[in-house]
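Chemist: sequence and predicted structure, then a few things I'm wondering about:
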Amino acid sequence: MKQIKGIAMISLCLIMMFNGVLLGMPNKENGDIAKQEGTNLVEKDEKVLDKYVDNVNKNMYAQLAKCFCGEEEKNLDKFFADAQNKKDHIGIYNVKYISDYGITEMENEEIEVFYDKFEDVKIYLVWLECSVKTSNQYHVDGNNYYQMVMVTENNKRKIAEFSVACESIIFDAIGNDDFELTEEQYENYVCNRISMFEELDDFEVVAETDLNDGISLMATYTPKTLSSYVFPTNIRVKNTSTGAIVSKNFKNYCYVVSAGEFGSGTDGATTVHIEALKAFSLCVRNLAWYRCLYPYSATAQYDIDDKNDQVYNWSLESKLSSFSKNKTAMDAVWNVMMFDGTLKLFYPSYRAGKYNASTSTSESLLYQNGANYLATVKGYDYKKILHYYYDSAVGEKITKGPIVICSSHKVLAAYYTTNTGHGHKCATCGYVRLSAHTWVKSVSYYQCSVCGYKSQTVVAQ
């Protein structure tokens, strides 16, 4: 009997060794299966993109909507059912055809909203060569680059996000053998985007910008209104309940988000420390600003929806007078600039978090309750709070830290001029506060008496 037990034990050990479990040895077969499953997902996702392009070129918009996951599919159905969108060439209706395209997988960045809701999340940089009716911030004539998030829903691969990619993400793909993106193509794309922004009423290009490591378009223009820095006048917001897309005043949008995300009852954030509110206000504004430059949906032509990036509570639009503390905090930091360590606009993720703020500072996340703790208990001001959360951030859409927060705007001596105004440019962050020219009539032209700018055309005094 002892001999039989010994033989049995030897046999068991051989079986365990064969399956790679003895002494914790890795199971190569399971590893190969996981690798194969990953490869299969990429192949499936490539086929979804094939369908996307084919449906656009064949004007099969009902089928195009089916490429997206549940809620987005329903909203796109509503979008395509609205005949006015087609008449006005809104969103994908602006694209005449896609002549070529490509896809490359990106590293899975921390996009919490997708990991919390879906399985098998994969992120890609997608290139589409489009012929469009009118170039805008959603589609341009020629090369277009998008960030596509793919997920598994009901055992099918679906598109969860198809947003305009920021330049730093595109720049990282230069030299990728699968993507075949050259530096010249990248520069042409950025120049195309910049020239397109010249035609928008909200913006005016005022200076040449070096096409360096991951240029951000925000460095290239300033508003014609001369009343603020580089913020858009409006932001296009999708109501996820109705599917309607509504243009909202940019600053009022930020007020409403602050009230909804960091308010209490009907009296606003009365119990929240003002410094925490200031820090949070910069996150709200910069996230909205980021989405205006790199819209969430090129397909349906909206910048942001009311719940995924940040919550926009439509019912609070008529109640803003009750949220005076939120408005005060937003106004206090409205002209404060917050960029990453390379002076580029980054996506400032945030969530509620715990009050004691005892969380990692390398997640590219600000914790709202933690910010209140840092201000109330530790005496942090808004700048120190933001540095605490973002200086070591290595996550989503941020190039490098420590971040730059500039409020004093130490100006360069020389005037920074456009055809509509002049101002001093900050030596630290590039901030320019413009003022209108003061015209004085000369022999053959008008000249600003403050900065000396000469007008090439007759200008009314």
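Modeler: On my side now, so go ahead.

Chemist: right, and residue 257 touches residue 314 too?
Modeler: No - here residue 257 does not reach residue 314: they are 11.3 Å apart, not a contact under C-beta atoms under 8 Å. C-beta: built from backbone N, CA, C; applies to glycine.

Chemist: enumerate every residue touching residue 104.
Modeler: 124, 125, 173, 176, 178, 179 (C-beta atoms under 8 Å, 6 or more residues apart in numbering).

Chemist: hmm, 6 Å instead?
Modeler: Residue 104 is in contact with 125, 173, 176, 178, 179, counting by C-beta atoms under 6 Å, 6 or more residues apart in numbering.

Chemist: and it, that's in a strand?
Modeler: Yes - assessed by DSSP: H, G, I helix; E, B strand; the rest coil, residue 104 belongs to a strand.

Chemist: now it: closest residue in space that isn't a chain neighbour?
Modeler: Of all residues not flanking residue 104 in the chain, residue 179 sits nearest, at 4.1 Å (C-beta to C-beta, 6 or more residues apart in numbering).

Chemist: quick one: secondary structure of that neighbour?
Modeler: coil.

Chemist: ok, it touching residue 173?
Modeler: Yes - using C-beta atoms under 6 Å, residue 179 and residue 173 qualify as a contacting pair, with a distance of 4.9 Å.

Chemist: for the stretch 1-150 of the chain, which segments are assigned as strands?
Modeler: For the stretch 1-150 of the chain, the strands defined by DSSP state E, counting those that start in this stretch occupy 95-105, 119-132, 142-153.

Chemist: ranking the ones you listed by burial, who's on top?
Modeler: strand 142-153 (a mean of 21; mean count of other C-beta atoms under 10 Å).

Chemist: can you tell me what sits against that strand?
Modeler: Against strand 142-153 from outside (C-beta under 6 Å, 6+ apart): 45, 69, 114, 118-124, 126-130, 157-158, 160-163, 165, 170, 189, 192.

Chemist: what's the angle between it and strand 95-105?
Modeler: Counting by axes from the mean of the first three to the mean of the last three C-alpha atoms, to 10 degrees, strand 142-153 lies at 60 degrees to strand 95-105.

Chemist: strand 142-153 to strand 119-132, inter-axis angle?
Modeler: Angle of strand 142-153 versus strand 119-132, following the same axes, to 10 degrees, is 150 degrees.

Chemist: which of the residues in the next helix or strand after strand 142-153 are buried?
Modeler: Toward the C-terminus, strand 142-153 is succeeded by strand 156-164 as the next helix or strand (DSSP states H and E). Buried residues in strand 156-164, counted by 16 or more other C-beta atoms under 10 Å: 157, 158, 159, 160, 161, 162, 163, 164.

Chemist: quick one: mean pLDDT for strand 156-164?
Modeler: The pLDDT scores in strand 156-164 average 92.

Chemist: cool, stretch 247-261 as well?
Modeler: For stretch 247-261, mean pLDDT is 93.

Chemist: same thing with stretch 391-404?
Modeler: Mean per-residue pLDDT for stretch 391-404: 67.

Chemist: repeat that for stretch 91-107.
Modeler: So the average pLDDT for stretch 91-107 ends up being 90.

Chemist: how much space between the residue nearest to residue 92 when sequence neighbours are not counted and residue 126?
Modeler: Leaving aside its sequence neighbours, residue 92 sits nearest to residue 299 (C-beta to C-beta, 6+ apart; 4.8 Å). Distance, residue 299 to residue 126, using C-beta to C-beta, to the nearest Å: 12 Å.

Chemist: repeat for residue 242
Modeler: Where residue 126 is concerned, residue 242 sits at a distance of 28 Å (C-beta to C-beta).

Chemist: ranges for the strands of the stretch 151-300 of the chain?
Modeler: Ranges of strands in the stretch 151-300 of the chain, per DSSP E, counting those that start in this stretch, are 156-164, 204-205, 221-222, 234-238, 245-249.

Chemist: JSON lines for these, including distance to residue 185?
Modeler: Output for the strands of the stretch 151-300 of the chain, formatted as JSON lines (distance: least, C-beta to C-beta, whole Å):
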{"stretch": "strand 156-164", "distance to residue 185": "17"}
{"stretch": "strand 204-205", "distance to residue 185": "21"}
{"stretch": "strand 221-222", "distance to residue 185": "22"}
{"stretch": "strand 234-238", "distance to residue 185": "28"}
{"stretch": "strand 245-249", "distance to residue 185": "31"}
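
Chemist: higher neighbour count, residue 257 and residue 314?
Modeler: residue 257 (29 against 16; other C-beta atoms under 10 Å).

Chemist: how far does stretch 144-164 stretch from start to finish?
Modeler: Terminal residues of stretch 144-164 are spaced 8 Å apart (C-alpha to C-alpha, to the nearest Å).

Chemist: chain center to that stretch: distance?
Modeler: 15 Å (C-alpha atoms, centre = their mean, to the nearest Å).

Chemist: what does stretch 300-313 give?
Modeler: 11 Å.

Chemist: now stretch 241-254
Modeler: Centroid separation for stretch 241-254 versus its chain: 17 Å, with C-alpha atoms, centre = their mean.

Chemist: now do the helices in the stretch 251-400 of the chain.
Modeler: For the stretch 251-400 of the chain, helices defined by DSSP state H, counting those that start in this stretch occupy the ranges 274-293, 324-333, 368-376, 382-390.

Chemist: can you list the ones you listed in TSV and add distance to residue 232?
Modeler: Output for the helices of the stretch 251-400 of the chain, formatted as TSV (distance: least, C-beta to C-beta, whole Å):
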stretch	distance to residue 232
helix 274-293	5
helix 324-333	16
helix 368-376	25
helix 382-390	22
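
Chemist: fine by me, we can end here.
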